[in-house]
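# coords below, sequence missing:
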């Protein structure tokens, strides 16, 4: 799960996906990162923590990290929150195989539309972002499992 700073959207997506993985006994590994690296080592934004807690998910143990080129090798699926992050991740890929691992999250809810998960950092709307991500993650599990 990848967004810009790894403090708002991708930690929520990470937490939601982890809950679904645990509930379904899938045994998948999930992680999150940011393409910018601006917040490395920081906890998720307090507003993301709050909306996650309101939905029974604790994301306080997550720490922001920068997305690495090696993530394209280490993970089977890389999920971007928006087109700019998608492009930044693809720019790091060394092959078509790696590039094909990269998907936009909301394409699971809105196939082929390349919609962005809005960044709530400045504009707010954390509940709305949670709902968008939650719906898309459930569809991701249907498609990918």
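Thanks, I have the structure now. All figures in this text were calculated on a predicted structure; none of them were measured in a lab.
# would residue 109 count as being in a strand?
No: per DSSP: H, G, I helix; E, B strand; the rest coil, residue 109 lies outside any strand segment and is coil.
# just say helix, strand or coil for residue 61.
coil.
# pLDDT at it, what is it?
Per-residue confidence (pLDDT) for residue 61: 97.
# also the one 10 residues further on?
Looking at residue 71, its pLDDT stands at 98.
# I figured it was touching residue 78, is that so?
Yes: at 6.6 Å, residue 71 and residue 78 qualify as touching, with contact defined as CB atoms under 8 Å. (Glycine included, C-beta is placed from N, CA and C.)
# show me where the protein has its strands.
With DSSP state E as the criterion, the chain has strands at 2-3, 33-34, 78-80, 102-104.
# those strands: which one's closest to residue 9?
For residue 9, the closest of these is strand 2-3, at 4.1 Å, according to CB to CB.
# rewinding a little: any chance of the strands of the chain in TSV, with mean neighbour count too?
Listed next are the strands of the chain as TSV, based on neighbours: other CB atoms under 10 Å:
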stretch	mean neighbour count
strand 2-3	28
strand 33-34	26
strand 78-80	28
strand 102-104	20
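# to residue 117, which of the ones you listed lies closest?
strand 2-3 (7.5 Å).
# and residue 61, what does it touch?
By CB atoms under 8 Å, 6 or more residues apart in numbering, residue 61 lies in contact with nothing.
# out of the strands of the chain, nearest to residue 62?
strand 33-34 (10.4 Å).
# show me the contact partners of that closest one.
1-7, 10, 64-68, 71.
# save the residues you listed as CSV, and put in distance to residue 31 too.
Below are the contacts of strand 33-34 laid out as CSV (distance: CB to CB, whole Å):
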residue, distance to residue 31
1, 7
2, 9
3, 13
4, 16
5, 15
6, 10
7, 15
10, 9
64, 11
65, 8
66, 12
67, 10
68, 11
71, 8
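# are any of the residues you listed buried, and which?
1, 2, 3, 4, 5, 6, 7, 10, 64, 65, 67, 71 (16 or more other CB atoms under 10 Å).
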